[in-house]
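Visitor: Dropping a prediction and its sequence here:
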Amino acid sequence: MYRAAIAEGKQVCIDFQSRLDATEERDVFADTPWIPGEMKEVVERVLGCVWFPENPEDVYRYPPPASTS
């Protein structure tokens, strides 16, 4: 369940970042006087999807119990 939540969060982040990138490419905010320049820069860099693990299935798993032989 934990790994599934990470995978879902990663996908949401990637999808939203794609939408932001598409908005930036269209220069939608370029001529919007009520948005300060500093805010326009934040829109470009806010998400940080790179911090999600490449393969959420590989996120730390507890080691198997030690056998007592």
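Guide: Cool, got the structure. Bear in mind the structure is a predicted one, so any value in this text is a computation, not a measurement. Numbers count the residues shown, from 1 in each chain.

Visitor: for the host helix or strand of residue 19, which positions count as buried?
Guide: Using DSSP states H and E, residue 19 maps to helix 2-25. For helix 2-25, burial by neighbour count (16 or more other C-beta atoms under 10 Å) applies to 6-7, 10, 13. The C-beta positions use only the backbone N, C-alpha and C, and glycine is treated the same way.

Visitor: possible to save those residues as TSV with pLDDT?
Guide: Listed next are those as TSV, based on pLDDT from 0 to 100:
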residue	pLDDT
6	88
7	90
10	90
13	89
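
Visitor: Now distance to residue 35 too, for these, in TSV please.
Guide: Listed next are the buried residues of helix 2-25 as TSV, based on distance: C-beta to C-beta, whole Å:
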residue	distance to residue 35
6	32
7	33
10	28
13	23
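
Visitor: what's the spacing between the helix holding residue 19 and its chain's center?
Guide: 5 Å (C-alpha atoms, centre = their mean, to the nearest Å).

Visitor: Equivalent analysis for stretch 56-64, please.
Guide: That offset, for stretch 56-64, works out to 21 Å (C-alpha atoms, centre = their mean).

Visitor: One more: stretch 22-41?
Guide: That offset, for stretch 22-41, works out to 21 Å (C-alpha atoms, centre = their mean).

Visitor: And for stretch 47-56?
Guide: Worked out by C-alpha atoms, centre = their mean, stretch 47-56 lies 6 Å from the chain centre.

Visitor: Buried residues in it, which are they?
Guide: Applying 16+ other C-beta under 10 Å to stretch 47-56 flags 52, 56 as buried.

Visitor: what sits up against that stretch?
Guide: Residues from elsewhere that reach stretch 47-56 (C-beta atoms under 8 Å, 6 or more residues apart in numbering): 3-4, 6-7, 9-10, 13-14, 16-17, 20, 59.

Visitor: from those residues, which is closest to residue 66?
Guide: Here the nearest of these to residue 66, counting by C-beta to C-beta, is residue 59; it sits at 21.9 Å.

Visitor: Quick check, central residue of the chain?
Guide: Nearest to the mean C-alpha position of the chain, by C-alpha atoms, centre = their mean, lies residue 49 at 2.7 Å.
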